[in-house]
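J.: Model the following, please.
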Amino acid sequence: MQNRDNNCESTEEYIIQKSRKNGFGTFYVLVILIILATIIAVTGVFFNYW
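T.: Presented below is the predicted three-dimensional model:
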């Protein structure tokens, strides 16, 4: 898997493209993971696992 090269004309074959959708998708996934980790931590405190 390679990043897109701005100097190369044939960059359509690369998996990771620099686009607004990829940036938003990455941000969205990170936010969801942080929310899930917070929920797990709060649940652990609530049930006195920690």
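J.: any weak-confidence spans in this structure?
T.: Within the chain, the segments meeting pLDDT under 70 span 1-16, 50.
J.: mind listing the strands for it?
T.: Using DSSP state E, the chain contains no strands.
J.: Just give the number of residues close to Gln17.
T.: Other residues near Gln17 come to 11 when the count uses other Cβ atoms under 10 Å. Using the backbone N, CA and C atoms, a C-beta is placed for each residue, glycine as well.
J.: how near is it to Leu30?
T.: Plainly put, Gln17 is 19 Å away from Leu30 if you go by Cβ to Cβ, to the nearest Å.
J.: Leu36 now?
T.: Leu36 is 11 Å from Leu30, by Cβ to Cβ.
J.: can you check Phe46 too?
T.: To Leu30, Phe46 is 25 Å away according to Cβ to Cβ.
J.: same check, this time on Arg20
T.: On the measure of Cβ to Cβ, Arg20 and Leu30 end up 16 Å apart.
J.: higher neighbour count, the two?
T.: Neighbour count, other Cβ under 10 Å: between Arg20 and Leu30, Leu30 has more, with 10 against 7.
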